[in-house]
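Novice: return a 3D structure for these sequence lines:
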Amino acid sequence: MRRLIGLILVVTLTIFATLVEGFRNNLWISYRDYRSPYLADLPSGPARQAPAATVMVVLVRGLRLDASRQMPTLNGLREKGGSFIIQNEPPTYRVPAWTTLTSGATAEIHGITTNQPGRVSGASSIFREFQLAGGVAAVVGSQSLGDTLSAEVQRFEVVENPEIAHRDDDAARIGLEVLRDHQNPAQLICIELTALEDTVNDNSGNSAAATAITDSRIKTLLDGLDLTTTALVVLSDRGLPSPNGDGGGEPDVAMTPLVMAGAGVAARSQGLIQAVDVAPTIAALLGAPLPVHAQGEPALVGLSLPLTVQPAGGKPLPSGCKVTGASTGAAKRSGFRTSTRTSTASPWPNSITTDWEVETPAHADTLPSICLKNWINPANTLLIAIRVSYSFGRLRHCSACGWCCPR
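Specialist: You can find the predicted model right below:
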């Protein structure tokens, strides 16, 4: 009897284990082959004035946040510009993480959940939107990166050097050649550096040494840039503490650096942003429309962007009408963060340009000075109704146009 019971138990457990294994495999297949239901064909937004003539994005594969703080070149850029921590959400595998950075959408929206070959997201990317707006984008990187981009970019330069130690040398060299190509100029250039990731995955060397080499390649690129007209953005897709150590939400995997400096970047800015904010931030530097499926927003604290004020209904400004400076205290009480420069009529019809930064739309319901007028920045991310209906500082209400004109 005991043998019979034991046999039945063994058979039962074997059948149960088989069912569980089948369920697990089906669950993984369902996850791997996920198709997003949210990729509707949406219209692109308008392009805006570009704060930077060129934006160079350097993607360092597998760079951890703690390792980035040991890189002298990156630390020098932090002093000049912005230093941000990117919070990534799982899945933090190579391809899903990259797709989130370029589309501004999570995996639930863009549909890429694993590194499965052959899967290309249907979500709009910063490359697609920039090119639709008339810009030229170029990418320098591995063939695997090219496979994920598909037809997203007009120019793709493959880095094929089999030697890990020299692969990033080629990427930096080709990237600078693209930058200096005046016959086919690109305003958005993305360069992939993979030596650090390859070193960790292959267990082929010291990751600290690979990090130092990566820092020197970034310096090579930096030395070839004019930061008065070009913005340099250095970021990581995910931290890679060990081979195949990505995919989850552990801090050393999910918390990654973004360092930027140059044209359109606010000096000594810092903060915590979401991975979905990266593509909108790059779009703001380029003056490009945001990717249409993006869930994030530009990291405005890290950008030096003029705000453009447009009259409601396209009403033209009267001759001589402009906005003049007010005291900082009065400006802040009326919903402005800063008031540092006098704003004048802009070269665009029916608009004026101001250096004041407007608080979030939620303040529109609580501040007595806000109603009726639209404030829009070049990234098209702030849309706030405003009208100064009382006098403060050197501003007064203009009955002719509804704007604030000098006394």
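
Novice: domain parsing for this protein?
Specialist: Domain assignment for the chain by automatic domain parsing gives 54-302, 306-407.

Novice: quick one: low-confidence parts of the stretch 51-200 of the chain?
Specialist: Along the stretch 51-200 of the chain, the model assigns pLDDT under 70 to residues 150.

Novice: for it, what spans make up the strands?
Specialist: 54-60, 82-87, 137-141, 155-158, 188-193 (DSSP state E, counting those that start in this stretch).

Novice: among those strands, which comes closest to residue 258?
Specialist: With Cβ to Cβ as the criterion, residue 258 lies closest to strand 82-87 of the strands of the stretch 51-200 of the chain, at 4.4 Å. Quick note: C-beta positions are derived from backbone N, CA and C, even for glycine.

Novice: re the thing from before, nearest to residue 301, out of the strands of the stretch 51-200 of the chain?
Specialist: strand 82-87 (8.0 Å).

Novice: contacting residues around residue 175?
Specialist: 56, 140, 189, 191, 221 (Cβ atoms under 8 Å, 6 or more residues apart in numbering).

Novice: so the residue lying closest to the first one once chain neighbours are set aside versus residue 149, what's the distance?
Specialist: Spelled out, it's residue 56. Counting by Cβ to Cβ, 6 or more residues apart in numbering, residue 56 lies nearest to residue 189, which is 4.8 Å off, once chain neighbours are set aside. To residue 149, residue 189 is 14 Å away according to Cβ to Cβ, to the nearest Å.

Novice: ditto for residue 140
Specialist: 12 Å.

Novice: between those two, which contacts overlap?
Specialist: Common neighbours of residue 140 and residue 149 (Cβ under 8 Å, 6+ apart) are residue 156.

Novice: so for the longest helix that the chain contains, what's the average pLDDT?
Specialist: Ranked by number of residues, the top helix in the chain under DSSP state H is helix 2-32. Across helix 2-32, the average pLDDT comes to 80.

Novice: among the domains of the chain, which is the most enclosed?
Specialist: domain 54-302 (a mean of 20; mean count of other Cβ atoms under 10 Å).

Novice: measure that one end to end?
Specialist: From its first residue to its last, domain 54-302 covers 17 Å (Cα to Cα, to the nearest Å).

Novice: from residue 45, how far off is the residue sitting nearest the centre point of the chain?
Specialist: With distances taken as Cα atoms, centre = their mean, the chain has residue 278 as the residue nearest its mean C-alpha position (1.5 Å). Using Cβ to Cβ, residue 278 is found at 17 Å from residue 45.

Novice: what of residue 154?
Specialist: 21 Å.

Novice: mind listing the helices for this protein?
Specialist: Secondary structure of the chain (DSSP H): helices at 2-32, 65-68, 72-80, 94-103, 107-110, 126-132, 143-149, 164-179, 195-202, 207-223, 251-254, 278-286, 328-333.

Novice: who wins for proximity to residue 86 among those helices?
Specialist: Of all those, helix 278-286 comes closest under Cβ to Cβ, at 6.6 Å.

Novice: what angle do that closest one and strand 82-87 make?
Specialist: 150 degrees (axes from the mean of the first three to the mean of the last three Cα atoms, to 10 degrees).

Novice: tell me what helix 278-286 is packed against?
Specialist: If contacts are counted by 3 or more Cβ pairs under 8 Å, 6 or more residues apart in numbering; DSSP states H and E, helix 278-286 sits against strand 54-60, helix 94-103, helix 126-132, strand 230-236.

Novice: now those as TSV including distance to residue 160?
Specialist: Formatted as TSV, the helices and strands packed on helix 278-286 follow (distance: least, Cβ to Cβ, whole Å):
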stretch	distance to residue 160
strand 54-60	17
helix 94-103	19
helix 126-132	21
strand 230-236	23
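
Novice: any idea which of the ones you listed gets closest to residue 249?
Specialist: Residue 249 sits nearest to helix 94-103 of all the helices and strands packed on helix 278-286, at 11.7 Å, using Cβ to Cβ.

Novice: no further queries at this time; thank you.
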